[in-house]
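Engineer: What shape does this take:
(3 chains)
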Amino acid sequence: MTTAAPKRELPTRHAYGETLVELGREDDRIVVLEADISKSTQTYRFAEAFPDRFFNVGVAEQNMMCMAAGAAICGRIPFVSTYAVFGSMRACEQMRTSVAYPKLNVNIAVSHAGLTAYDDGVTHQAVEDLGIVRSIPNMTVLQPCDAPSTRKAVRAAVEIDGPVYLRLTRIAMPILYDDNVDFQIGKAIRLRTGGDVTIVAVGDMVFQAREAAERLAAQGIEVDLLDMHTIKPLDVDALLDSATKTGAVVTAEDHNVLGGLGSAVAEALGEHCPTPLLRVGLQDTFAQSGSYGDLLRHYGMDASHLVEAAQRVMRRKQ
Amino acid sequence: MSCSATRTASMRTAYGEALVEVGRTNPNVVVLDADLSKATKTSLFAEAFPDRFFNIGIAEQNMTTVAAGLATCGKIPFATSLAVFSTMRACEQVRTSVALTNLNVKIVGFYGGLCTAENGPTHQCIADLGVMRPLPNMTVLAPADAPSCKACVRWAVEHPGPVYLRGLRDGEPVLYDETGPADVSRIQIHREGNDGAILVNGFMLHLALEAADRLAARKIHITVADVITIKPIDQKTLLEIAGNVPCVLSVEEHNVLGGMGSAVAEVLAQKHPLPMRIMGVPDVFSNSGKHSLLLEAAGLTTEKIVENAVELLAAT
Amino acid sequence: MTTVSQPGIKDTTQELARWARLLRYDTLRMISNAASGHPGGCMSMAEILTCLYFHEMKVDPQQPDWLDRDRFILSKGHCAPILYAALARKGYFPVDELRNLRKIGSFLHGHPDISTPGVDMTSGCLGQGLSAAVGMAMAGRIDRRDYRAFVVIGDGEMNEGQLWESAASASHFRLDRIIVVLDFNALQFDGTVHEVSNPGDVRGRWKSLGWNVLEIDGHDIPQILDALRQADECRGRPTIVVAHTIKGKGVPFMEGDYLWHSLMDNDLLTSFVKEMHDELQRDPDGFDADRLW
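Structural biologist: Down below sits the predicted model:
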């Protein structure tokens, strides 16, 4: 386990913005496209450092997506930045037709994932994007939970040949990993080893899951906890390894329970290892405006709900 | 490709006829199209009710939000295009203007799956069910034939709220009688057997029925059920079926990720874990060519259904 | 630019100016309370929204679902606070509710939601508002109702493709009951509209699509009222009022600074709100103390 004690917090979008600058220095193929919210997505840092390789296309996400495809065809490695609602939905067909179908090395980095958009309200909370992007062939879908793993994810996105959808948070996340975290696309990170119940978490929900695991440990329940930062391709081996051992699984995602991590896990379990599963996330509802903590509690997604879900699913073990 | 049905009919023609039918009985029904009225057969409605038909041009995003505006004033709009444009070009508009507002808008997308074969992957749509399913408030329908498509249109008019209706094209085998299923929101059981169950939707239904015949000849009796409503999935019937069989095979003309198979897997894992296998397009873009050849390349044939069923049974 | 010299217009202007000031106060107070939101674009549209809600629009807060009401869509939905202020002051819900902007359990969401009393359409994802108005105007035509559909759009929205799709539809279907006001403050999130994307010849773009185009000073109340009257009289084509405005208008440290698109410094804003409160209380032409909060 390569974890560090939480010392400070940082929104993962900040780690993204910082890493872009480093990458820009190392590789002049990197270009960044932005849709008028550079101070929010943090691409303004890249814009300041490399004004010639930064393109603010205005509030025109569809246009931006196809421009990135064009740049990729000409050998550039574009990062497309906007909010998750717009990256996955406003420009959905452009992502699918111009980026995914030709399998271009376009990296779509989107902020305001799920309830981390908190008081901007439901229009700006993307709770559907993982399901949408997962359905599109050739897409890789990532949501690292903290700043160090985000830095690694941004670099990994450049390395793999093909499109990546990288989901980032608006709010600050605790620092979980150290800078040497072994982040590999498609390889879950085991945060805790236990034999009683598996919790598979992604993104900001990793922190709720860690807290839940600690509380469960205090009750004598040992959790096998996976940070499933890659939703597609899913690390089926790690999942099955854990599910076979524990016989009960909970998923935790800041997303609708239809289509996202919970569905990916349900598909894999059904096909390889039928196991009782509870999916924690938004229960097929839109949320509302409010603080992040209030929203997690209200929609049954905080650590105490995860504890409860783990207890419930364990009762269903065969 | 042979099929057990004796005749075929065009689903899009059925859609156009159904629109005229509901347009006659309900004056609030209005229809929008994005320059494809001859392909989607909304032209039939346009001829019958020119004042309630709006061709918006090739502007699907605009069309979707226009439909939402109409719905705020009590209209029941059917915004019609091709599946790829209805669900993906206008994705955020469907989500924000229709699903989030919970308005009474019916989104209809034709050429779902691979059926627009020769037009190639840009116009085929294997992601629409996966794209629509995560949107809260959406109902997602995928009928198999002309009568069930008509039943879906009638159902959509009677049930307020957002609906996505996945249409196919022409020449779908007719598997329901003239009036279609009585309640499209329920899983329709076509064959009953306790050795296993095949859950299907759309064009796959007739292949599954044929596979069931072949399996029956080998003394393997399986249930074949048509999941017309992908969301909200009919959990009650699904669990009843699951309770009587050792395993479930899902077959759909859609990506294996995110669609009906995923919906079935969610319910089973949560309520009744059971071995299953998900057949569909294996998370790849297809090709241009004859529909039957594209299905073959994706492993969506009667033979493959039989093969997968036998393997799955042997493993359980 | 037009000038107006109607009898009584001075009183009307003064009255509307007072409302605009109150809406500015409410809006800034809400944003400072919530410690987040988008003040700059709210300030630039204060007079426009005031003229619509307190003069031009046929609405009845007692019957928010009245079928013949004029419709209003705030296409630049991030400016929801000033819309909520106008709706509260108009009587759709208690002014006290404004304290709950962006809080869980309140219907005053970060961006407008159709479930809020008086809100005719969800918005906030830019470029969609005019499309909804097209649908509303089509329904009005089918039902033979003569309500109008008003839309306030931001200049940044001209970046979005959908806006131009809807602009073509509105004129193609000759929807003359659509009246768009463009809050042309010339600043968007990342800078000036010219720095971010080329807006081109704004008048010319709309004119070429067959729109009736008017151009005014968007803070000049008589000009706004006159443009809305002309728009109402226009037949056979929709109207856009290009209203030149100042982002952050009325707040010295905010005016013309694109960084105040979002909340920059809540301490600064909060102390300004306090000053404004005292000033409004002292003003003999101002409002009764109990109308402030």
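Engineer: was I right about A:Y177 contacting A:T150?
Structural biologist: No. Counting by CB atoms under 8 Å, A:Y177 stays clear of A:T150, with 9.7 Å between them. In short, each C-beta sits where N, CA and C put it, glycine included.
Engineer: and the two? which has more neighbours close in?
Structural biologist: Applying other CB atoms under 10 Å in any protein chain shown to A:Y177 and A:T150 shows that A:T150 carries more neighbours, namely 31 against 24.
Engineer: Ignoring the adjacent residues along the chain, who's closest to A:A303?
Structural biologist: A:E211 (3.8 Å; CB to CB, 6 or more residues apart in numbering or on different chains).
Engineer: how near is A:T246 to chain C?
Structural biologist: According to CB to the nearest CB, to the nearest Å, A:T246 stands 34 Å off from chain C.
Engineer: Give me the neighbour count for that residue.
Structural biologist: 23.
Engineer: So it sits against A:G195, correct?
Structural biologist: Yes. A:T246 is within contact range of A:G195, at 6.0 Å (criterion: CB under 8 Å).
Engineer: Between the two, which contacts overlap?
Structural biologist: A:D224 (CB atoms under 8 Å, 6 or more residues apart in numbering or on different chains).
Engineer: Three-state assignment for C:R237, please.
Structural biologist: At C:R237 the chain is in coil, as set by DSSP: H, G, I helix; E, B strand; the rest coil.
Engineer: so what's whichever residue of the stretch 101-250 of chain A sits closest to chain B up against?
Structural biologist: Nearest residue of the stretch 101-250 of chain A to chain B (CB to the nearest CB) works out as A:S135 at 2.7 Å. Applying CB under 8 Å, 6+ apart to A:S135 gives the contacts A:259, B:127, B:129-131, B:255, B:257-259.
Engineer: Which residue is the nearest non-sequential neighbour of it?
Structural biologist: B:G130 (2.7 Å).
Engineer: I'd guessed that neighbour sits against B:M260; true?
Structural biologist: No. Under the criterion of CB under 8 Å, B:G130 makes no contact with B:M260, lying 9.5 Å away.
Engineer: any common contacting residues for the two?
Structural biologist: With CB under 8 Å, 6+ apart, B:G130 and B:M260 have common neighbours B:H254.
Engineer: Residue numbers of the stretch 1-150 of chain C in contact with chain B?
Structural biologist: Contacts of the stretch 1-150 of chain C with chain B, taken as CB under 8 Å from any CB of the partner chain, map to C:67, C:71, C:113-114, C:120-122, C:124-125, C:128, C:131-140, C:142-143, C:149.
Engineer: Let me know the outermost residue of chain A.
Structural biologist: No residue in chain A sits farther from the centre than A:Q318, which is 31.8 Å out by CA atoms, centre = their mean.
Engineer: From chain C, how far off is it?
Structural biologist: As judged by CB to the nearest CB, A:Q318 and chain C stand 39 Å apart.
Engineer: Relative to A:T275, how far out is that residue?
Structural biologist: 9 Å (CB to CB, to the nearest Å).
Engineer: which residues do those two both contact?
Structural biologist: Here A:Q318 and A:T275 share the contacting residues A:247, B:273, scored by CB under 8 Å, 6+ apart.
Engineer: Quickly find the element holding the residue of the stretch 101-250 of chain B found nearest chain A.
Structural biologist: Proximity to chain A, evaluated over the stretch 101-250 of chain B using CB to the nearest CB, is greatest for B:G130 at 2.7 Å. Following DSSP states H and E, the helix or strand that holds B:G130 is helix B:128-132.
Engineer: can you check A:L10 too?
Structural biologist: Going by DSSP H and E, A:L10 is in strand A:9-11.
Engineer: Name the next helix or strand downstream of that strand, please.
Structural biologist: By DSSP H and E, the next helix or strand past strand A:9-11 is helix A:12-26.
Engineer: does the longest helix along chain C come close to chain A?
Structural biologist: The helix that spans the most residues within chain C, counting by DSSP state H, is helix C:9-34. Yes. Helix C:9-34 reaches chain A (CB under 8 Å from any CB) through C:A34.
Engineer: Pull up the residues of the stretch 1-150 of chain A that are close to chain C.
Structural biologist: Checking the stretch 1-150 of chain A against chain C by CB under 8 Å from any CB, the hits are A:34-40, A:44, A:56-60, A:62-63, A:85-86, A:90, A:119-124.
Engineer: hey, where'd the helices end up in the stretch 101-250 of chain C?
Structural biologist: Counting by DSSP state H, counting those that start in this stretch, the stretch 101-250 of chain C has helices at residues C:129-142, C:161-172, C:193-196, C:202-208, C:221-233.
Engineer: Please identify which of these is closest to B:P77.
Structural biologist: Ranking these by their distance to B:P77 (criterion: CB to CB) puts helix C:129-142 first, at 7.5 Å.
Engineer: do you know how far B:E118 is from B:L207?
Structural biologist: 20 Å.
Engineer: With neighbour numbers in mind, choose between the two.
Structural biologist: Using other CB under 10 Å as the criterion, B:E118 and B:L207 rank with B:L207 on top: 27 against 11.
Engineer: what about C:E97, how many neighbours?
Structural biologist: Neighbour tally, C:E97, other CB under 10 Å: 18.
Engineer: that older thread, give the next helix or strand downstream of the helix holding B:G130.
Structural biologist: Toward the C-terminal end, the helix or strand that comes next after helix B:128-132 (DSSP H and E) is strand B:139-141.
Engineer: Do that next one and chain A come into contact?
Structural biologist: No. Using CB under 8 Å from any CB, we find that strand B:139-141 stays clear of chain A, coming within 10.1 Å at best.
Engineer: so where's the stretch 51-200 of chain C uncertain?
Structural biologist: Nowhere does the stretch 51-200 of chain C drop to pLDDT under 70.
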